[in-house]
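Trainee: The following comprises the amino acid sequence and a computationally predicted model.
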Amino acid sequence: MESDRKRVPRLRQLTNLERATSRKANESWQMFTIMAEFIDAAERLSEIRPAVSIFGSARIKPTDPYYEITVDIARRLSDEGFSVISGGGPGIMEAANKGAYEGSSPSIGLNIELPHEQTSNTWQNISLSFRHFFARKVAFVKYADAYIVLPGGFGTIDELSEVLVLIQTGKTRRIPVILVGTKFWEGLLQWFKNMLLANGMVEPQDLELVQVIDDPKEIVDAIFNFYESRDIVLSETEHPHQSFL
């Protein structure tokens, strides 16, 4: 019977001790770099609230209407006292940082190190650099009091899905999630309704987690309206029980 059991090797059982030691050192060092990113984000972002995270494609050019709308949204939010958080790169990220930089509140870029892609934009009052996507994603949600999502690709959809799951499962508090671009998002939202809801994979109230608003002033108003009924500052009960860290 003992011979039929699977053998699962551990690092201490590897015959090549040099290889085992090297692997253990690499894994340990990676854990320290992850911890360092969380600590750096906490030290630099803990006091920037209220804040709004803005997402969208890195491929959108400054001449695109969505770029101009993003600058407008970010500038309005900044002048109303909201720090603006973006991914720190080009496209919509640049537009968000630019609008906030020109406003009254901090413009924040959570930059990611990629082999052949993202370069940081210059419109950042606070700039952090991440090696690990998941540490960066935690910062996007942890310090945001609202999410604004403009047209984008896989990365944008990933961020949208991430925050919806965290809210749906109670791992983070309910915050406004606003999609900008009715024509762009209508197909996805219809699919949510026709496939996810119709097949019982989400509840009707889950679809209410998202708003679609195209007008910059109405977006700012929607965020303020949301917080009329509750404090924008985290309560004591939300800190220990609704953390996804």
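Mentor: Nice, thanks for sending it over. In this text the structure is predicted, and so the values were computed from the model without any measurement.

Trainee: all contacts plus neighbour counts: C-alpha atoms, from now on.
Mentor: OK.

Trainee: can you give me the helices in the protein?
Mentor: 17-45, 65-79, 92-101, 133-142, 154-168, 182-191, 216-226, 238-241 (DSSP state H).

Trainee: Sketch out the low-pLDDT regions of the chain for me.
Mentor: Applying pLDDT under 70 to the chain flags residues 1-4, 7-25, 115-118, 233-245.

Trainee: again, only this time at 80
Mentor: The model of the chain has pLDDT under 80 over residues 1-30, 113-119, 229-245.

Trainee: what residue lies at the spatial centre of it?
Mentor: Closest residue to the average C-alpha location of the chain: residue 140 at 3.5 Å, with Cα atoms, centre = their mean.

Trainee: does residue 89 really touch residue 58, like I thought?
Mentor: Yes: here residue 89 reaches residue 58: they are 6.7 Å apart, a contact under Cα atoms under 8 Å.

Trainee: and the two? which has more neighbours close in?
Mentor: residue 89 (25 against 22; other Cα atoms under 10 Å).

Trainee: measure the more buried one to residue 57 for me?
Mentor: Between residue 89 and residue 57 the computed distance is 10 Å (Cα to Cα, to the nearest Å).

Trainee: The residue nearest to the centre of the chain contacts residue 108, correct?
Mentor: No: here residue 140 does not reach residue 108: they are 10.4 Å apart, not a contact under Cα under 8 Å.

Trainee: need the contact list for the residue nearest to residue 101 when sequence neighbours are not counted.
Mentor: Nearest residue to residue 101, sequence neighbours excluded (Cα to Cα, 6 or more residues apart in numbering): residue 107, at 5.2 Å. Contacts for residue 107 (Cα atoms under 8 Å, 6 or more residues apart in numbering) come out as 83-85, 97-98, 100-101, 123-126.
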